[in-house]
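Everything below, folded, please.
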Amino acid sequence: MSTTAGSARATHVRAIAEHHRALRGPLLPILHNVVSEFGYVSREDVESIADVLNYSIADVHGVVTFYEDFPTEPPAPDPVRICRGEACQAVGSQQLYDDAVAAGLNVHQVFCLGNCALGPSGTIKGTLQGRLDLAKVQKAATA
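Alright, predicted model coming up:
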């Protein structure tokens, strides 16, 4: 049985699908919109989208699982992202990234955030940061 939150989500996903249904090739825009709204595509979302578009559940599921852009689980807490572009590497981002990984922190690599003058750069909770060091990364990753 669906929960109220599940029902509200299903209603919203159906509205997204209805909004895009008239487009040529509506599935990808619908899926992108669902991920933008909820962070992932649930099994129930797949069923709702398939119903609105008159596609099989297998067709929608196949597209969702083919592309990395459509996670099927809620996202983990936003990791710290460390720039590993050349300018940031020149001021120690490679060592910072390696140390953070060795410390078991939830960090991901990115290549150039456009903040080269303040490297090593990264994002913490989606906010651009400059002059990162291991202490800042540890504090952010454990907060």
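
what about this structure, any weak spots by pLDDT?
1-6 (pLDDT under 70).

so where do the strands sit in it?
80-83, 107-110, 122-124, 127-129 (DSSP state E).

Turn these into CSV, columns for mean neighbour count and distance to residue 16.
All C-beta spots, glycine's among them, are computed from the backbone N, C-alpha and C. Formatted as CSV, the strands of the chain follow (neighbours: other C-beta atoms under 10 Å; distance: least, C-beta to C-beta, whole Å):
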stretch, mean neighbour count, distance to residue 16
strand 80-83, 24, 28
strand 107-110, 16, 28
strand 122-124, 23, 27
strand 127-129, 15, 28
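
Switch these over to JSON lines; also include distance to residue 42.
Listed next are the strands of the chain as JSON lines, based on distance: least, C-beta to C-beta, whole Å:
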{"stretch": "strand 80-83", "distance to residue 42": "25"}
{"stretch": "strand 107-110", "distance to residue 42": "23"}
{"stretch": "strand 122-124", "distance to residue 42": "26"}
{"stretch": "strand 127-129", "distance to residue 42": "28"}
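
can you tell which of those is closest to residue 138?
Evaluated over the strands of the chain, closeness to residue 138 peaks at strand 80-83, with 9.2 Å, by C-beta to C-beta.

quick one on the thing from earlier: between the strands of the chain, which gets nearest to residue 27?
The nearest among these, by C-beta to C-beta, is strand 107-110 at 27.6 Å.

Can you list the strands that the closest one pairs with?
Its sheet considered, strand 107-110 pairs with strand 80-83 (parallel) by DSSP bridges.

contacting residues around the strand it pairs with?
88, 93, 96-97, 100, 105-113, 115, 119-124, 132, 137, 140-141 (C-beta atoms under 8 Å, 6 or more residues apart in numbering).

what does stretch 23-43 give?
Against stretch 23-43 from outside (C-beta under 8 Å, 6+ apart): 9, 12-13, 16-17, 20, 45, 49, 53, 55, 60, 63-64, 67, 69-75.

roughly how far apart are residue 128 and residue 83?
To residue 83, residue 128 is 10 Å away according to C-beta to C-beta, to the nearest Å.

got any residues that touch both of those two?
Shared contacts of residue 128 and residue 83 (C-beta under 8 Å, 6+ apart): 113, 115, 121-122.
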